[in-house]
Each structure stands twice: as C-alpha cells, then as structure tokens.
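Engineer: Sequence first, predicted model second:
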Amino acid sequence: MLEWQKNSLKNKEIKNPLDVRRFKDPIYVLLGPLEWKPNTQSPLAPVKVPRGFVTDFASVPRVFWSLFRPDGDYAYAAVVHDYLYWQQDRPKSDADLIFRSVMDDLKITDRQSAILYHAVDLFGGAAWRENARLKASGEKRILSELPSSSDVTWEEWKSRPNVFSNS
C-alpha cells in the first residue's frame, strides 16, 4: 500500500497520504487531512477531508469482499466519498462523480472504477438518507480527540464526552 500511495501522490490532484488509525471494529479515523482537486476541465469543486474524520472506507456488502475489499486501492477515493456523503454540502450526484474522478486519478482500473461508481450511483441513496438522519439526530463524525490505541470500538469512543470537533 505504501508504494501505491507514493505513486498516487505524484498526481497533482491528490494531496496527503491516507494515514489512519483503526478502532477495534473495522472503523477508521484519519490521522491527517486528505485533499483532492479536479483537473482544470472539471466543474467539480475541490474536497478537503479534515483530520479526525471517521470512515469505514468502501461500504461494500460482505458478499462482494472477494471482489471489492473495503480497503482496496480505491480506499482514498472511498474516504473522500464517505466525507461528501456525511457533509452533504453538494448534491449526491456530485459526490458520486467525485468518487469516480478520484478513482481515475488514482489509476484504478476502468472496470473497477465503473462498477464502484455505478454501485454508489444506483444504491447510495440509502446511505445518503441514513447519514442525513444521523446528522439530524446529533451524530458527529469529526473527532478532535483521537484514540491512542485500537482497543476501543467506535461505539465506545463516540459515547465519550468532548471527543468531537465543533466543525
């Protein structure tokens, strides 16, 4: 993965390596920010994912993990996409197009990129609506205090006081 990240960061649209810490469950928190900007021909707006954002990488149903692991080479794109689905500061269709664009920038195969893009385009509405519901109920996903080890679950950590950023 380190070699892949080194090569992908040569792409001017991708900034910062994917640096995460895992909770006890397969949920991750960013140890540093991620940035993506479109090439000059794109109408898509840049994305900055802050340090402390919590993600599950690609939300692939377990039955498909032999084909598409949640932490595959498209994990960077999946984190950007998760953030856009959480923030909902632009249309879902733009979030999905950015997911595809980041995968293209990472040189994910056309076949994988197309399958994953069409999956979120067709089936991502439920996740989009669930995130809106969770945010409305007060859930947060950007931490100001990060766990020091992987011996705590996401559910345990998010129930602690003062671990979330105000943003």
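Structural biologist: Received the coordinates, thanks. Residues are numbered from 1 along each chain as shown.

Engineer: Pick out the residue closest to the middle of the protein.
Structural biologist: V79 (1.2 Å; C-alpha atoms, centre = their mean).

Engineer: How about the secondary structure of that residue?
Structural biologist: helix (DSSP: H, G, I helix; E, B strand; the rest coil).

Engineer: pretty sure V120 is in a helix, no?
Structural biologist: Yes. Per three-state DSSP, V120 lies within a helix segment.

Engineer: and it, how many neighbours?
Structural biologist: Using other C-beta atoms under 10 Å, V120 has 21 other residues around it. Quick note: C-beta positions are derived from backbone N, CA and C, even for glycine.

Engineer: and if you look at G125?
Structural biologist: 11.

Engineer: and the gap between the nearest residue to it once chain neighbours are set aside and Y76?
Structural biologist: Leaving aside its sequence neighbours, G125 sits nearest to K92 (C-beta to C-beta, 6 or more residues apart in numbering; 7.1 Å). In this view, K92 and Y76 are 20 Å apart by C-beta to C-beta, to the nearest Å.

Engineer: Show me where this protein has its strands.
Structural biologist: Taking DSSP state E to define them, one finds strands in the chain at 14-15, 20-22, 28-30, 34-36, 47-49, 54-55.

Engineer: Most tightly packed of the ones you listed?
Structural biologist: Neighbour counts (mean count of other C-beta atoms under 10 Å) averaged over each of the strands of the chain peak at strand 54-55, with a mean of 24.

Engineer: Does anything pack onto that strand? Which helices or strands?
Structural biologist: Strand 54-55 sits against strand 28-30, helix 75-87, with contacts defined as 3 or more C-beta pairs under 8 Å, 6 or more residues apart in numbering; DSSP states H and E.
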